[in-house]
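Visitor: test case, fold it:
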Amino acid sequence: MPLVHRFDPPDRFIAGTVGEPGQRTFFLQARSGARVTSVALEKQQVAILGERIDELLDELIGVGGNATVIPAMTPVDQVDTGPLDQPIVEEFRAGTITLSWDADDERVVIEVFPVVEVVEPIEAEEDELVELDIAEPEPEELFVVRLTPVLARVFATRAASVVQAGRPSCQFCGGPVDASGHLCPRANGYRRTQG
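Guide: All right, here's what the predicted structure looks like:
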């Protein structure tokens, strides 16, 4: 039986970072009262989760029939720009993330599963058949957050701003540019600087 970090709904659910642009570690963090849970993840996971939440909420607005009001945008008084809550203790690194809508409770449900260790493939001869055990192992931990539509929209807005707050992109290749510049493939390997 996995350890489940459940927040239904949390007081606060955000994406945030620790570190300087280019060296940042991304976190999902939920807080209810004094209980804080932080899960590390990749920048792309934050970006995709925020985008998919926005798409889900927009789709639900179009369908209609919900008792709860689903905001088309983040209410101004709900915007969350505060830092991650302390202490930041990484429970695990996120692997698979699922997103769903619970129509009965009218909640956006996010489930975060830890990264699964990959087992080395079995060596076999060319014409040998090998049976693989494809059973998905039960995770040791699970992070489940059930959000009201307002909290979900607040999360999506914050996720987009956290992702955009990194290093500027090269105007030629789209790659990240450090303070010292970067080797741009569109400049035949010459170093480009932002400016």
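Visitor: for R24, see how far away the spatially most central residue of the chain is.
Guide: For the chain, V46 is the residue whose C-alpha lies nearest the centre (C-alpha atoms, centre = their mean; 2.9 Å). Noted for V46: a distance of 10 Å to R24, by C-beta to C-beta, to the nearest Å. Glycine gets a C-beta too; all of them are placed from N, C-alpha and C.
Visitor: so C184 makes contact with G174?
Guide: No: between C184 and G174 there is no contact under C-beta atoms under 8 Å: 9.8 Å.
Visitor: these two - which one has more neighbours?
Guide: It is C184, of C184 and G174, that has more neighbours when counted by other C-beta atoms under 10 Å, with 19 against 9.
Visitor: tell me what G181 is bridged to.
Guide: D178 (DSSP bridges).
Visitor: from V76, how far off is it?
Guide: When G181 is compared with V76 (using C-beta to C-beta), they lie 38 Å apart.
Visitor: then R24?
Guide: 27 Å.
Visitor: those two: which is more packed in?
Guide: R24 (16 against 6).
Visitor: ok, the residue nearest to the more buried one when sequence neighbours are not counted - contacts?
Guide: For R24, ignoring the flanking residues on the chain, the nearest one in space by C-beta to C-beta, 6 or more residues apart in numbering is T17 at 4.2 Å. Listed by C-beta atoms under 8 Å, 6 or more residues apart in numbering, the contact partners of T17 are 24-27, 84, 162, 165.
Visitor: so which of those comes closest to V154?
Guide: Proximity of the contacts of T17 to V154 (C-beta to C-beta) peaks at V162, which lies at 12.4 Å.
Visitor: which SSE is immediately downstream of the strand ranked longest in the chain?
Guide: Looking across the chain with DSSP state E, the single longest strand is strand 90-102. Later in the chain than strand 90-102, the nearest helix or strand by DSSP states H and E is strand 107-114.
Visitor: helix or strand right after that following strand?
Guide: strand 141-147.
Visitor: what residues does that next one touch?
Guide: Against strand 141-147 from outside (C-beta under 8 Å, 6+ apart): 2-10, 13, 28, 30, 37, 39, 91-92, 94, 102, 105, 107-114, 155.
Visitor: in PyMOL, select just the buried ones from those residues.
Guide: Only the buried entries of those go into this PyMOL selection, using 16 or more other C-beta atoms under 10 Å:
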select buried, resi 5+7+9+10+13+28+30+37+39+91+92+94+107+108+109+110+111+112+113+114+155
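Visitor: show me what contacts V18?
Guide: Neighbours of V18 in contact, by C-beta under 8 Å, 6+ apart: 24-25, 27, 84, 88.
Visitor: per-residue pLDDT of it, please?
Guide: If you check V18, the pLDDT there is 95.
Visitor: equivalent analysis for the one 5 residues further on, please.
Guide: The score at Q23 is 86. That number is its pLDDT.
Visitor: helix, strand, or coil at it?
Guide: coil (DSSP: H, G, I helix; E, B strand; the rest coil).
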